[in-house]
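Engineer: Build the 3D model from these lines:
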Amino acid sequence: MSLRAKISPFVTRYLTSDRRLARNREREEKRRSAKGEPHTVHYFHQADDPYSVLTASCLTQLTERFDIRIEPHLVPPPTDAAAPERERLAVYSRRDAVCLAEEFGLSFNDHGRQPGDGLIERSQRLHVAAIERGLFCELAAGIDHAVWQENTGELNSIETRIGKEASLAETGEALQAGEALRERLGHYLGATFYYGGEWYWGLDRLHYLEARLHELGVFRDSEAFAPMFPPPPLKLASAPPASAQTPALEFYASLRSPYTYLAIERTIALAEHYGLRLEVRYVLPMVMRGLPIPPNKRTYIMLDCKREATRLGIDYGSVADPVGRPAERGLAVLDHAIREGREKSFLREFAPDVWARGIDMDSDRNLRRVVERSGLEWEGAQRALTLNQWRQTAVANRDEMFGEQIWGVPAFRFGEFATWGQDRMWLLERAILSQLRGPSDGTRAGNS
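Structural biologist: Here you go, the predicted model:
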């Protein structure tokens, strides 16, 4: 085992520890208080991003709920390294934004295309002018809505209210400044909030920011605290009678994805509760497919997974990154486990060892323990490690996943429905119920 492999679990456990988080928050609050600064939340807005459209629509409500100052910044799209498969991302983001808007009572309409470059440029100029005049929180949602509705008349009205659009030069400078600040503070996406050393992406993570602000005593409402957009839980509702043919729930997974790890138990629970046949479709990690992950993205994912794991009651933190040989060995054995009908057991043993216990799967001794705890024979796993058939399967699974306009993991397909992300499993459950109960049921499936 390399020195890096030995040290890595201790480093990640420290970086994701509750003690470090509490200490950092205490230090940030002392610094803010000593300088007499208000509670300032930085918000980074990307004009052509559906998630930014949704997030901007709640800024005024956020300032009404909390005694905070929002400092907005305009940013360009992330780099190709931070957001690969850009065209697929645009299509998926629009579809996903429609589902989020329906769930949370917001407004977003997908016309099947991105707004034209001219509209985006004009919206950026209006956003910069609104920031300069202190009107961003008040006007951003209206600007975005008009752009995505291609309503130039409404944009003209907003421009009249602001007074004047920013120039192209001013807008370019604002975009460069926003991008530089975002990179310096350690992120890469739009629709993001930064407060006191921590990042919160879009509606999905806004509840974490709200909870932190509530703990600081800046919640204005006298009523009991509740976040604006709490994560929808799985309901495991009453299942319809079993059908003659067991439907398949396809689970696209990577052994190097911590988000896949967070989804494993819930995916198995959905399949077992609703009587579905779980089909595990493994793929190679992105970095092993020639898509390296920038450092700020790696850091954010690590910290984000920790807080999601804590919310879900899952242990996470001592990480033995299985990139390279450990992942390849794991996929070879997973292929064998699937053939033996033990894939669920193998995932349940392999993933916690890697993401919570810091166990290096490049070791035969460690991998053997996982294999035997999974109910498999080590001799069969050893034979699987000498074969390369899993590579072709991983490529075929990736191509299937791309065919659904999905490129990241964990991803899910059930009948005609497909979605991506461990925080969209509530949509998956609705699709399952909708398809099992038939078209007469009113359950929304979304993202099909």
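
Engineer: which stretches of the stretch 251-400 of the chain form helices?
Structural biologist: Along the stretch 251-400 of the chain, counting by DSSP state H, counting those that start in this stretch, helices occupy 258-273, 295-312, 325-339, 343-355, 364-373, 378-385, 389-403.

Engineer: would you list those in JSON lines and tack on mean neighbour count?
Structural biologist: No exception for glycine: its C-beta is placed from N, CA and C like everyone else's. Formatted as JSON lines, those follow (neighbours: other Cβ atoms under 10 Å):
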{"stretch": "helix 258-273", "mean neighbour count": "20"}
{"stretch": "helix 295-312", "mean neighbour count": "17"}
{"stretch": "helix 325-339", "mean neighbour count": "22"}
{"stretch": "helix 343-355", "mean neighbour count": "23"}
{"stretch": "helix 364-373", "mean neighbour count": "17"}
{"stretch": "helix 378-385", "mean neighbour count": "16"}
{"stretch": "helix 389-403", "mean neighbour count": "15"}
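
Engineer: And those helices: which comes nearest His145?
Structural biologist: For His145, the closest of the helices of the stretch 251-400 of the chain is helix 295-312, at 28.7 Å, according to Cβ to Cβ.

Engineer: So what's the residue count around the residue lying closest to Arg307 once chain neighbours are set aside?
Structural biologist: Nearest-residue entry for Arg307: Tyr208, 6.1 Å, with adjacent residues in sequence omitted and distances by Cβ to Cβ, 6 or more residues apart in numbering. Applying the criterion other Cβ atoms under 10 Å, we find 21 residues in the vicinity of Tyr208.

Engineer: Might you report the residue contacts of Tyr208?
Structural biologist: Glu198, Tyr200, Arg307 (Cβ atoms under 8 Å, 6 or more residues apart in numbering).

Engineer: about what we covered before: so for Glu121, which of the helices of the stretch 251-400 of the chain sits nearest?
Structural biologist: Closest of the helices of the stretch 251-400 of the chain to Glu121 is helix 295-312, at 26.9 Å (criterion: Cβ to Cβ).

Engineer: do you know how far Asp18 is from Phe346?
Structural biologist: Computed with Cβ to Cβ, to the nearest Å, the distance linking Asp18 and Phe346 is 30 Å.

Engineer: ah, wrong one, I meant Arg365
Structural biologist: 17 Å.

Engineer: ditto for Ala130
Structural biologist: According to Cβ to Cβ, Ala130 stands 53 Å off from Phe346.

Engineer: again with Asp96
Structural biologist: Remark: distance between Asp96 and Phe346 (Cβ to Cβ) = 30 Å.

Engineer: Give me the neighbour count for Thr79.
Structural biologist: Look at Thr79: counted by other Cβ under 10 Å, it has 14 neighbours.

Engineer: hang on, it packs against Ile293?
Structural biologist: No - in this structure Thr79 lies outside contact range of Ile293 using Cβ atoms under 8 Å: 11.5 Å.

Engineer: Common neighbours of the two, please.
Structural biologist: Common neighbours of Thr79 and Ile293 are not found (criterion: Cβ under 8 Å, 6+ apart).

Engineer: My guess is Ser254 contacts Leu284. True?
Structural biologist: Yes - between Ser254 and Leu284 there is a contact under Cβ under 8 Å: 7.1 Å.

Engineer: of these two, who's got more company?
Structural biologist: It is Ser254, of Ser254 and Leu284, that has more neighbours when counted by other Cβ under 10 Å, with 27 against 21.

Engineer: Phi, psi for the more buried one please.
Structural biologist: phi -120, psi 140 (degrees, to the nearest 10).

Engineer: how much space between the residue of the chain most remote from its centre and Val128?
Structural biologist: In the chain, counting by Cα atoms, centre = their mean, Glu379 sits farthest out from the average C-alpha position, at 38.4 Å. According to Cβ to Cβ, Glu379 stands 66 Å off from Val128.

Engineer: returning to what we had before: just send the helices of the stretch 251-400 of the chain back as TSV, with mean pLDDT too.
Structural biologist: Below are those laid out as TSV (pLDDT from 0 to 100):
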stretch	mean pLDDT
helix 258-273	97
helix 295-312	96
helix 325-339	97
helix 343-355	98
helix 364-373	98
helix 378-385	98
helix 389-403	94
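
Engineer: could these be laid out in a markdown table, adding distance to Glu170?
Structural biologist: Shown next, in a markdown table, are the helices of the stretch 251-400 of the chain (distance: least, Cβ to Cβ, whole Å):
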| stretch | distance to Glu170 |
| --- | --- |
| helix 258-273 | 39 |
| helix 295-312 | 27 |
| helix 325-339 | 47 |
| helix 343-355 | 46 |
| helix 364-373 | 57 |
| helix 378-385 | 60 |
| helix 389-403 | 40 |
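
Engineer: Of all those, which one comes closest to His187?
Structural biologist: Proximity to His187, assessed across the helices of the stretch 251-400 of the chain by Cβ to Cβ, is greatest for helix 295-312 (6.1 Å).

Engineer: For this protein, which segments count as strands?
Structural biologist: Under the criterion DSSP state E, strands of the chain are mapped to 40-45, 69-74, 192-195, 198-201, 248-253, 277-282, 411-414, 417-420.

Engineer: show me the residues around the residue nearest to Ala418 when sequence neighbours are not counted that make contact.
Structural biologist: Leaving aside its sequence neighbours, Ala418 sits nearest to Glu404 (Cβ to Cβ, 6+ apart; 4.0 Å). Contacts for Glu404 (Cβ under 8 Å, 6+ apart) come out as Ala411, Arg413, Ala418.

Engineer: let's see 10 Å
Structural biologist: By Cβ atoms under 10 Å, 6 or more residues apart in numbering, the contact list for Glu404 reads 88, 92, 250, 252, 411-413, 416-420, 447.

Engineer: Out of these, which end up buried?
Structural biologist: Arg88, Tyr92, Glu250, Tyr252, Ala411, Phe412, Arg413, Phe417, Ala418, Thr419, Trp420, Asn447 (16 or more other Cβ atoms under 10 Å).

Engineer: Per-residue confidence at the third one, what does it come out as?
Structural biologist: Glu250 is assigned 97 on the pLDDT scale.

Engineer: isn't it right next to Arg277, touching?
Structural biologist: Yes - taking Cβ atoms under 10 Å as the definition, Glu250 is a contact partner of Arg277 at 9.4 Å.

Engineer: What is the burial count for Asp117?
Structural biologist: As a burial measure, Asp117 scores 9 neighbours (other Cβ under 10 Å).

Engineer: What of Arg161?
Structural biologist: Using other Cβ under 10 Å, Arg161 has 14 neighbouring residues.

Engineer: what's the helix or strand of the chain with the lowest mean pLDDT in contact with?
Structural biologist: When the helices and strands of the chain are compared on mean pLDDT, DSSP states H and E, helix 3-15 comes out lowest with a mean of 84. Helix 3-15 has contacts (Cβ under 10 Å, 6+ apart) with 2, 20-21, 299, 302-303, 306, 316-321, 326, 354-363.
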